[in-house]
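# A predicted structure for the sequence below; I have some questions about it.
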Amino acid sequence: MTNLFKDRPRWLKIGLVLLGLMLVAALVLPYFFDADRYRPAIASAIEDATGRKVTIGKIRARLLPTPGFSVDGFWLANPPGFPDGDVLAVKTLRGSLTWGAIFGGELKLTSVELVKPRLVLLEDDRGRTNYSFDTPPITTKGNAAPAADDASSFQLSAVENVELSDAEIVLGRVARGRAPVTTLRAQNLDATLRDVALSPLRLKQWKSEVPLNGVKLELEAWKEPFEFRSGELQLDRGKLSAEFRGRMGKAAELEGNLNLADVERGVPVFELRASQLDVDQFLAAQSESTAGAAHVARKSELVAQGRLKADRIRWQSYQGNNATAEVRIFTDRVELWPVQLQSYGGTIQVSARTDRSQSPERFSANIQIRGLDLAGFAAADPSTRGKISGTGELDLQLVGSLSPAWMQALSGSGNFTIRDGRLPGINLGDAMQSVAGALGVGKAFGGDTPFRSIAGDLNIAARRVASRQIHLDSPQGTVDLQGSFGLDGTLDYNGEVTLVPGAAGSAQTPADAITGILGAVLKKNVTRASVPISIGGTFSVPKVRPGRGQPRFETSAPQQTGSTQQQQPAKKPSIFDIFKKP
């Protein structure tokens with residue numbers, strides 16, 4: 001090795017010695033160079049550029065592998081009028097400088113690394129934000145002003161690269177006199193920003209690729225975070241785009257995309273897709289009422305819009321398929337227009353809106369159902385299986401509250417129609433038995449009841465669904481009811497059943513049998529029999545009983561022969577006529 005060194009040219013020997021001395025100096029000089037003396041100048045420059053109070057921890061210098069520094073903490077405060085706190089807090093900040101700064105040139109940043117940065121972006125009830133840098137510069141009072149040369153040698157212009165490690169971003173709103181309310185929190189972010197123009201701030205010049213795997217996204221009123229499993233977010237020339245997959249608690253596995261044409265003035269457009277959405281898990285993951293939260297009154301502006309898709313939807317024991325929804329998110333409301341899905345042979349369409357300016361949050365919805373197979377729908381729940389069949393239609397308007405007490409706050413109105421079905425549970429056979437029992441004649445008539453249609457109105461309030469008029473049209477007669485059922489499944493109806501015998505020559509029905517028995521007792525032709533009934537119990541165990549009042553009958557005299565006999569008008573007997581002697 002010694003011989004090899006001796007054989008080298010003199011100039012190379014001198015160069016190697018100088019290089020060694022420079023390496024030693026680069027390692028040793030930072031320990032003797034007090035970089036921390038630039039701290040007031042740097043803080044003052046940032047305060048002048050941002051108009052915010054700045055706190056900087058101890059600064060240490062380095063020369064290798066490139067000139068640079070490290071800072072033990074950095075804090076950029078909120079502007080006046082906002083709660084105490086920081087818009088940006090960084091645990092450790094590392095920067096690299098140009099070599100020209102070492103030889104008396106301009107002090108210019110080439111790269112910055114932020115370790116555990118926390119960015120908190122707030123908006124108040126007057127539309128002001130803590131991240132707009134149009135605030136007048138802060139004047140330092142009671143502190144020694146930095147030397148002019150020191151302050152002028154540092155400037156914020158542009159940084160080639162900004163590295164974010166384990167970053168956290170928080171979005172929130174604040175009302176005067178109240179603590180901030182977090183609406184979104186993103187954690188575990190790692191990103192590299194390139195061409196970061198700071199003075200002036202030019203976001204459209206920035207470029208970045210952000211891996212989303214492992215990132216957690218917390219949303220207001222949602223107990224569990226959205227966890228990204230894969231994906232990437234890209235920022236290029238003012239356009240932002242993302243493709244991702246993730247999990248929303250136990251409610252759904254989602255994949256989707258997001259696009260923003262202009263990061264400064266654009267509206268994000270997104271699409272979310274799920275193979276299956278569990279509505280029960282979705283509702284269970286909702287946070288409790290935010291009645292005491294600050295609701296910021298703001299101008300209504302579109303924040304984002306998109307499309308939702310789910311191949312299957314499950315709610316309790318019920319299912320739907322091919323669900324889609326158009327979503328528009330405003331500063332003061334969320335609109336779904338419309339939600340469409342297929343379920344039990346029919347279609348369901350819902351348009352809904354939530355009002356975020358109220359506490360707890362209110363909603364309104366219009367529901368339309370067409371062609372629903374009620375036999376299949378009822379079979380999904382053991383308590384209603386086999387209780388009804390037919391094809392159902394529904395039009396309903398709802399208003400309510402997004403809170404745990406949503407049942408109490410729910411109200412609405414609408415109407416329904418069911419066609420061409422059967423009622424095995426609540427049937428006219430029970431009503432006929434009530435007639436026979438009231439008269440003391442006849443026997444029990446069982447079996448279900450076919451019907452041509454059931455139609456009625458609905459009015460929802462105080463946890464019950466009431467109807468002023470429900471009409472059933474059956475080949476065996478008609479039923480007219482009024483009353484209500486509870487959201488707990490209880491029944492409370494009163495009304496009247498009218499039995500009509502069939503035409504001559506047709507197959508005999510239970511109505512023919514009972515009117516025939518009545519005709520024999522009354523010695524009249526019974527053309528119509530009406531009896532009051534009441535329906536109680538529950539959907540799973542309905543109970544049909546005689547109602548208040550007396551049965552009514554329409555009769556006609558037996559047909560007489562001879563053209564000279566004048567027919568007398570039929571008299572409507574009462575139930576007491578049965579006990580009169582002939």
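Received, thanks. Note that the structure is predicted; figures quoted are calculated from it, not measured. Numbering: from 1, shown residues only.

# give the contact list for Asp190.
164-167, 210-211 (CB atoms under 8 Å, 6 or more residues apart in numbering). For glycine as for every other residue, the C-beta is placed from the backbone atoms N, C-alpha and C.

# does Asp420 belong to a helix, a strand or coil?
Classification of Asp420 using DSSP: H, G, I helix; E, B strand; the rest coil returns strand.

# run a quick neighbour tally on it.
Asp420: 11 surrounding residues under other CB atoms under 10 Å.

# any idea how far Pro67 is from it?
For Asp420, the distance to Pro67 (CB to CB, to the nearest Å) stands at 86 Å.

# just to revisit the earlier point, what subset of the contacts of Asp190 is buried?
Neighbour-count burial (16 or more other CB atoms under 10 Å) applied to those gives 164-165, 167, 210.

# include secondary structure when you put the residues you listed into CSV, please.
Output for these, formatted as CSV (three-state DSSP):
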residue, secondary structure
Leu164, strand
Ser165, strand
Ala167, strand
Val210, strand
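
# which residues touch the closest residue to Lys207 other than its chain neighbours?
Distances taken as CB to CB, 6 or more residues apart in numbering place Arg194 nearest to Lys207, at 4.4 Å, with adjacent residues excluded. Each residue near Arg194 by CB under 8 Å, 6+ apart is listed here: 160-162, 206-208.

# swap in 10 Å and give it another go.
Neighbouring residues of Arg194 by CB atoms under 10 Å, 6 or more residues apart in numbering: 111, 159-162, 205-209, 235-236.

# in helices, which of those residues fall?
Nothing among the contacts of Arg194 maps onto helices, per DSSP state H.

# strands of the stretch 351-500 of the chain, start to end?
Listed in chain order, the strands of the stretch 351-500 of the chain (DSSP state E, counting those that start in this stretch) span 362-373, 391-401, 411-423, 449-461, 464-474, 477-486, 491-499.

# tabulate the CA atom coordinates of the fourth one in CSV.
Included here for strand 449-461 are C-alpha records, laid out as CSV according to Å, rounded to 0.1, in the frame of the first residue of the first chain:
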residue,chain,number,x,y,z
THR,A,449,-108.6,-15.6,2.1
PRO,A,450,-107.8,-14.7,-1.5
PHE,A,451,-108.1,-11.0,-2.3
ARG,A,452,-108.0,-8.8,-5.4
SER,A,453,-106.5,-5.8,-3.7
ILE,A,454,-105.7,-4.2,-0.4
ALA,A,455,-105.2,-0.4,-0.4
GLY,A,456,-104.8,2.2,2.3
ASP,A,457,-103.1,5.3,3.6
LEU,A,458,-100.3,5.6,6.1
ASN,A,459,-99.4,8.2,8.7
ILE,A,460,-96.3,7.7,10.8
ALA,A,461,-95.8,9.4,14.2
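
# thinking again about what came up before, could you redo the buried ones among the contacts of Asp190 as a markdown table and give each row distance to Val531 and pLDDT?
Below are the buried ones among the contacts of Asp190 laid out as a markdown table (distance: CB to CB, whole Å; pLDDT from 0 to 100):
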| residue | distance to Val531 | pLDDT |
| --- | --- | --- |
| Leu164 | 79 | 90 |
| Ser165 | 81 | 93 |
| Ala167 | 75 | 93 |
| Val210 | 74 | 92 |
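
# hang on, the earlier thing: dump the contacts of Asp190 to JSON lines, plus distance to Ala375.
Listed next are these as JSON lines, based on distance: CB to CB, whole Å:
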{"residue": "Leu164", "distance to Ala375": "58"}
{"residue": "Ser165", "distance to Ala375": "60"}
{"residue": "Asp166", "distance to Ala375": "56"}
{"residue": "Ala167", "distance to Ala375": "55"}
{"residue": "Val210", "distance to Ala375": "52"}
{"residue": "Pro211", "distance to Ala375": "51"}
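
# where does pLDDT dip in the stretch 51-200 of the chain?
Low-confidence regions of the stretch 51-200 of the chain, defined by pLDDT under 70, span residues 64, 99-108, 133-158, 177, 197-200.

# I misspoke; the intended subject was the chain.
Applying pLDDT under 70 to the chain picks out residues 1-34, 64, 99-108, 133-158, 177, 197-203, 287-298, 425-448, 500-527, 555-582.

# domain boundaries for it, per the record?
Following automatic domain parsing, one gets these domains for the chain: 1-32, 34-201, 425-560+568-579.

# show the end-to-end separation of stretch 117-130, please.
End-to-end distance of stretch 117-130: 17 Å, with CA to CA, to the nearest Å as the criterion.

# cool, and stretch 350-361?
Terminal residues of stretch 350-361 lie 19 Å apart, using CA to CA.

# what comes up buried for that stretch?
350-356, 359-361.

# show me where this protein has its helices.
According to DSSP H, the helices that the chain contains are 2-6, 10-32, 39-50, 148-152, 279-284, 374-379, 406-409, 428-439, 510-522.

# what packs against the shortest one?
It stands for helix 406-409. On a contact count with 3 or more CB pairs under 10 Å, 6 or more residues apart in numbering; DSSP states H and E, helix 406-409 meets strand 362-373, strand 391-401, strand 449-461.

# out of these, which is closest to Arg178?
Evaluated over the helices and strands packed on helix 406-409, closeness to Arg178 peaks at strand 362-373, with 20.4 Å, by CB to CB.

# and the closest one, which strands flank it?
Counting by DSSP bridges, the strands paired with strand 362-373 are strand 346-355 (antiparallel), strand 391-401 (antiparallel).

# reformat the strands of the stretch 351-500 of the chain as a markdown table; add distance to Arg312.
Formatted as a markdown table, the strands of the stretch 351-500 of the chain follow (distance: least, CB to CB, whole Å):
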| stretch | distance to Arg312 |
| --- | --- |
| strand 362-373 | 17 |
| strand 391-401 | 21 |
| strand 411-423 | 26 |
| strand 449-461 | 28 |
| strand 464-474 | 28 |
| strand 477-486 | 29 |
| strand 491-499 | 32 |
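
# nearest to Met248, out of the ones you listed?
Ranking those by their distance to Met248 (criterion: CB to CB) puts strand 362-373 first, at 19.9 Å.

# can you state the direction angle for that closest one and strand 411-423?
The directions of strand 362-373 and strand 411-423 differ by 10 degrees, with axes from the mean of the first three to the mean of the last three CA atoms, to 10 degrees as the criterion.

# closest to Ile329 out of the strands of the stretch 351-500 of the chain?
Smallest distance to Ile329 across the strands of the stretch 351-500 of the chain (CB to CB): 14.1 Å, for strand 362-373.

# end to end, how far does stretch 340-352 reach?
Span of stretch 340-352 from end to end, CA to CA: 12 Å.

# quick check: buried residues in it?
Buried residues in stretch 340-352, defined by neighbour count with 16+ other CB under 10 Å: 340-341, 343-344, 346, 348, 350-352.

# tell me the gap between that stretch and the middle of its chain.
Stretch 340-352 sits 18 Å away from the centroid of its parent chain (CA atoms, centre = their mean, to the nearest Å).

# also stretch 235-252?
Mean-position distance between stretch 235-252 and its chain equals 17 Å (CA atoms, centre = their mean).
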